[in-house]
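Trainee: Turn this into a structure:
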Amino acid sequence: MEEIGLFDAIYSQRQITRYKPDPVPREAIEKIIEAATKAPSGGNRQPWEFIVITDRNLIDRIGNIYREQWLGALGAQPRPGESPVYRSARYLAHHMPEVPAMILVCVDHSLGSSYTPGQPIERGREASSIWLAVQNLFLAARALGLGTRLTTTHLRREAEIKALLGIPDHVETVCLTPLGYPRGSFGPTDRRPASEVTHYDGWGNRG
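Mentor: Next comes the predicted model:
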């Protein structure tokens, strides 16, 4: 597998909404998840779990849940004056059942010291740990030429997703990312320049 450098991946990473149908090699998926597991975590608890979904029937069922929820909330057709960002997100919603692979990022709360069996989990408790792993996952995917997108629409129907995948009660689903080779190119990305958001030794001091 060909790879690009870290800073090349950072500078060209973007949220992908259009995917080729080409399957994602198992070797690439394993390398991406291994990179995710190298992230730091609070107390080194490493609470992450990753459910890789490549079965076409499962992708279709989860993709349809996602599509129904997203389009039901925001509409199947663009609204007047809608931004390109939402147009792209709507395209993905329509085509989520067709993506080549998905990764559902989860948190196992039973690894935490505050977990009590039988009691509701404290959602978001491990956010500071799990999002670092997600970014590692996304950058590793980009380094291998694969696209990702951060989505949380499935959370509104999480019970259905958990039942479908056999996820136990003590596990929280955090985000669902499609995974595949993009139609079109990656960056360059359009971001606020660092000089606009950097302050030295106090607010407003631009150095």
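
Trainee: Report the helix of the protein that spans the greatest number of residues.
Mentor: Ordering each helix of the chain by length in residues (DSSP state H) puts helix 56-74 first.

Trainee: And that helix, what's buried?
Mentor: Applying a neighbour-count criterion of 16 or more other Cβ atoms under 10 Å, the buried positions in helix 56-74 are I59, R61, I62, G63, I65, Y66, R67, Q69, W70, L74. C-beta here means a position set from N, CA and C on the backbone, and glycine is covered the same way.

Trainee: now, which of those residues sits nearest A93?
Mentor: Nearest to A93 out of the buried residues of helix 56-74 is W70 (Cβ to Cβ; 3.8 Å).

Trainee: is it true that the closest one touches Y91?
Mentor: No - the criterion here is Cβ atoms under 8 Å, and W70 misses it with Y91 at 10.7 Å.

Trainee: list residues touching both of those two?
Mentor: By Cβ atoms under 8 Å, 6 or more residues apart in numbering, W70 and Y91 have no common neighbours.

Trainee: Where does the prediction get shaky in this structure?
Mentor: Applying pLDDT under 70 to the chain flags the ranges 113.

Trainee: where does V107 land in three-state SS?
Mentor: Using DSSP: H, G, I helix; E, B strand; the rest coil, the structure places V107 in strand.
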